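*Asks:* Give me a model of this one.
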Amino acid sequence: MKRLFSVRYNDTALDIGLFLLRIAVSLAMIFYGFHKLTHFTEMAKEDFWAKEVNFMGKGGTVSLALTVFAEFFCSLFVILGLCTRISLLPLLFCMGYIVAIVDKYEIVSAGKHGYELNHAFFYFIIYFVLLLSGPGKWSIDRLISK
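*Replies:* The predicted structure is shown next:
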């Protein structure tokens, strides 16, 4: 119990925290990407992808493919801790694009039970923290760097 309320810095606790953060956030994001991956053809035909998320004028299919790559495949790399910082870049860009272009910087909105924080903005902040901190000790990146 004394350890729980300690204010001392602990490398092991930091590594456990980074590991759990990587796993939890990436698993949550994989659900978004997996849905898009399994329903790719139907979603690519929707007007939303052609009009709202038309990345660099490349069309809805390319925009959706890039989103699936970021949300599903890059999240798998983050879970493993493999090329973590590089894998976080597409995720950061994807969440930033959603906040800026799709949601038009609406970070806080009125929800059913009070105010709600934009999910893409929330993910963006977490990914940015992971980019700054790195994957931690329990990652493939650490094993490779030895």
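*Asks:* ok now the helix ranked longest in the chain, how far from the chain's centre?
*Replies:* Selection of the longest helix in the chain by residue count, based on DSSP state H, yields helix 11-38. From the chain centre to the centre of helix 11-38 is a distance of 8 Å (CA atoms, centre = their mean, to the nearest Å).
*Asks:* The next helix or strand after it: how far from the chain's middle?
*Replies:* Remark: after helix 11-38, the chain's next helix or strand is helix 40-44, criterion DSSP states H and E. How far helix 40-44 lies from its chain's middle: 21 Å, per CA atoms, centre = their mean.
*Asks:* ditto for stretch 67-85
*Replies:* Distance, centroid of stretch 67-85 to centroid of chain: 8 Å (CA atoms, centre = their mean).
*Asks:* Equivalent analysis for stretch 2-14, please.
*Replies:* 27 Å.
*Asks:* residues making contact with it?
*Replies:* With contact meaning CB atoms under 8 Å, 6 or more residues apart in numbering, stretch 2-14 is reached by 136, 137. To be clear about C-beta, it is placed using only N, CA and C from the backbone, and glycine gets the same treatment.
*Asks:* Show the end-to-end separation of it, please.
*Replies:* One end of stretch 2-14 sits 17 Å from the other (CA to CA, to the nearest Å).
*Asks:* And the average pLDDT for it is what?
*Replies:* For stretch 2-14, the mean pLDDT works out to 79.
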